[in-house]
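Asker: got a predicted model here, sequence first, then my questions.
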Amino acid sequence: MIENLIKDLQSRFGESNIKVYDGSKQDTLTIDLSVLLELCHYLRDNELYYFDFLANITAVDYHPDNRFALVYNLASLVYQTQLSLRVELSVENRDKDNLPEVPSISRIWRTADWHEREAFDLMGIYFTGHSDLRRILLPDDWEGFPLRKDYEDADSYHGIPIKGE
């Protein structure tokens, strides 16, 4: 199925926008950010593929290159198939606060709501169009993004020491 899927997606969205990613044991496609929303709709709604479940979104920090990637793990419960989509976010994909920026897919798969909030909270990736993008694990006034490789632990939070000796 994956060979036919790749051919279909490349003909529909352009060969330069869909590439096979070789760094994974699972079927993974690197896709261009410009086709993310349309491609996700297509994968969900096309009866040949019917990727009806978004299992996870993982954010990756490639410090010191100052770039990030998002990996979307999709599943078709009907067809018992899985697929990962990988989107690279370059320095050009930044919002006004210098956060990497990507469109939200939470209107396509509702499970994306919490996954995107977690990636925002811990990695500082901004999801445009998300209906409730705010911290989910850390306090609202927390400074920085703890899963980034360049993150430095604060000595204290509201006067409470948090750095171990």
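Answerer: Nice, I can see it.

Asker: show the average pLDDT along the helix or strand that contains Leu29.
Answerer: For Leu29, the host element (DSSP states H and E) is strand 28-31. Mean per-residue pLDDT for strand 28-31: 96.

Asker: next helix or strand past it?
Answerer: Counting by DSSP H and E, what follows strand 28-31 is helix 36-45.

Asker: you'd agree Glu118 is in a strand?
Answerer: No: read with DSSP: H, G, I helix; E, B strand; the rest coil, Glu118 is helix and lies in no strand.

Asker: could you shift the numbering so residue one becomes 22, and keep it that way?
Answerer: New numbering, starting at 22: the last item is Glu139.

Asker: surely it meets Arg155?
Answerer: No: when contacts are counted by Cβ atoms under 8 Å, Glu139 is not listed as touching Arg155 (11.3 Å). Bear in mind the C-beta positions are built from the backbone N, C-alpha and C, glycine included.

Asker: so which of these two has more stuff around it?
Answerer: Glu139 (19 against 9; other Cβ atoms under 10 Å).

Asker: so who does that one touch?
Answerer: The contact partners of Glu139, by Cβ atoms under 8 Å, 6 or more residues apart in numbering, come to 78, 157-158.

Asker: can you pick the most crowded of these?
Answerer: Those, ranked by neighbours (other Cβ under 10 Å): first place Ile78, 23 neighbours.

Asker: is it correct that that one is in contact with Ser105?
Answerer: No: if you go by Cβ under 8 Å, Ile78 and Ser105 don't touch, sitting 10.4 Å apart.

Asker: what sits in contact with each of these two?
Answerer: 92-94.

Asker: who wins for most neighbours among those?
Answerer: Most surrounded of the shared contacts of Ile78 and Ser105: other Cβ under 10 Å gives Tyr93, at 25 neighbours.

Asker: and that residue, which helix or strand is it part of?
Answerer: strand 89-97.

Asker: how far does stretch 44-63 sit from the chain's center?
Answerer: Chain-centre distance of stretch 44-63: 10 Å, with Cα atoms, centre = their mean, to the nearest Å.

Asker: what's the answer for stretch 105-119, then?
Answerer: The answer for stretch 105-119 is 10 Å, by Cα atoms, centre = their mean.

Asker: mind checking the end-to-end distance for that stretch?
Answerer: End-to-end distance for stretch 105-119, by Cα to Cα, to the nearest Å: 27 Å.
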